[in-house]
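> pasting the sequence and the predicted coordinates here, then a few questions.
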Amino acid sequence: RRSVESRERMDKYRIIQCPVTTESAMKKIEEINTLVFLVDIKATKLNIKEAVRQMYDVKCAKVNTLIRPDGKKKAYVHLTQDYDALDVANRIGII
């Protein structure tokens, strides 16, 4: 038995660390409806998809991830046609 309930180690604020605001990320936002985030190294694509849905109220079509040479994980979140990445970026404060 446990006296304290266990909590989830990866909450939405731990999964998504910050949005990426480089020129190439801005181009992706404008042209291919994609948001770019730095995420926790242990986060899975499903975790990232769910965290974006909870934090920004948008649906993701697909998530691509890569691990940068400096050891940080970057996620490209493609939004569905119903949502505009430019509007979401304005709401977050990237643009």
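Thanks, I have the structure now. The structure displayed is predicted, hence computed values, not measured ones. Residues are numbered from 1 along each chain as shown.

> which parts of the chain are helices?
12-15, 23-32, 45-56, 85-92 (DSSP state H).

> okay if I get the ones you listed as JSON lines plus mean pLDDT, distance to Arg2 and mean neighbour count?
Where C-beta positions appear, they are placed from N, C-alpha and C, glycine not excepted. Formatted as JSON lines, those follow (pLDDT from 0 to 100; distance: least, C-beta to C-beta, whole Å; neighbours: other C-beta atoms under 10 Å):
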{"stretch": "helix 12-15", "mean pLDDT": "94", "distance to Arg2": "22", "mean neighbour count": "16"}
{"stretch": "helix 23-32", "mean pLDDT": "96", "distance to Arg2": "43", "mean neighbour count": "14"}
{"stretch": "helix 45-56", "mean pLDDT": "96", "distance to Arg2": "24", "mean neighbour count": "18"}
{"stretch": "helix 85-92", "mean pLDDT": "95", "distance to Arg2": "37", "mean neighbour count": "16"}
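
> check the gap between the closest residue in space to Cys18 that isn't next to it in sequence and Asp84 for me.
Computed as C-beta to C-beta, 6 or more residues apart in numbering, the closest residue to Cys18 that is not its neighbour in sequence is Leu38, at 5.3 Å. Note on Leu38: its distance to Asp84, by C-beta to C-beta, to the nearest Å, is 22 Å.
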